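> Fold the following, please.
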Amino acid sequence: MTLVVVLKFFHFLGLFLAGGLGVANSLLMKEHQMAKEAPSAATQKTMEKLARIGLVAIGLLWATGFGLAYRVYGSMNLGLAFNIKLLGATALLGVVVFMNIYPPAMAKKGQAPNPKLMRILPMVARSALVLVLVGIAVTTTA
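Now for the predicted structure:
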């Protein structure tokens, strides 16, 4: 029982961090896009730090999620809704990993990230998050 409580605590901490950091970075990026100006160097560094912390938070979610699934349910075989949740979580992880690699790599080259790609990725992340939330809501409803 204690292990489940500890896992849940860190899972909720990961949710809190990943959600808050994702929203903060999205808002910062959107404001700069609407103003048609590049973020200052300090803002760019802050956005990179937020992205890295978000990636760590998602890693925490995955690790504690596996632990909780096996500890509470005994397996990852929890049905279609849970598989949909995992699909969304995988897509979200992919976007976050990409966003931790691509913009800094482009900055090192002295180039701006592809604006079409930078508009699409937040939509993919939000769609993936919807899959995660719907999947887990259905899975945990008796």
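
> what bits of the protein have low per-residue confidence?
Filtered on pLDDT under 70, the chain yields no residues whatsoever.

> mind running it again at 80?
Along the chain, the model assigns pLDDT under 80 to residues 142.

> Please enumerate the helices of this structure.
Counting by DSSP state H, the chain has helices at residues 2-35, 41-68, 80-109, 115-139.

> Those: which one's closest to residue 74?
Nearest to residue 74, of all the helices of the chain, is helix 41-68, at 11.2 Å by CB to CB. C-betas here are computed from N, CA, C, even on glycine.

> In that closest one, which residues are buried?
Buried residues in helix 41-68, defined by neighbour count with 16 or more other CB atoms under 10 Å: 44, 47-48, 50-51, 54-55, 57-58, 60-62, 64-65, 67-68.

> so who does the closest residue to residue 124 other than its chain neighbours touch?
Once flanking residues are discounted, residue 124 sits nearest to residue 95: 5.6 Å by CB to CB, 6 or more residues apart in numbering. Neighbour list for residue 95: 121, 124-125, 128 [criterion: CB atoms under 8 Å, 6 or more residues apart in numbering].

> hang on, the earlier thing: pipe the helices of the chain into a markdown table and attach distance to residue 74 per row.
Shown next, in a markdown table, are the helices of the chain (distance: least, CB to CB, whole Å):
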| stretch | distance to residue 74 |
| --- | --- |
| helix 2-35 | 13 |
| helix 41-68 | 11 |
| helix 80-109 | 13 |
| helix 115-139 | 14 |
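
> ok, the residue nearest to residue 130 when sequence neighbours are not counted - how many residues close by?
Residue nearest to residue 130 in three dimensions, not counting chain neighbours: residue 88, with 7.1 Å by CB to CB, 6+ apart. Residue 88 has 21 neighbours, counted by other CB atoms under 10 Å.

> show me what contacts residue 88?
Residue 88 sits next to 127-133, 135 when contact means CB under 8 Å, 6+ apart.

> Now restrict the residues you listed to buried residues only.
Neighbour counting over those (16+ other CB under 10 Å) leaves 128-129, 131-132, 135 as the buried ones.

> Return the member of those nearest to residue 24.
Using CB to CB, residue 129 comes nearest to residue 24 of the buried ones among the contacts of residue 88, at 14.9 Å.
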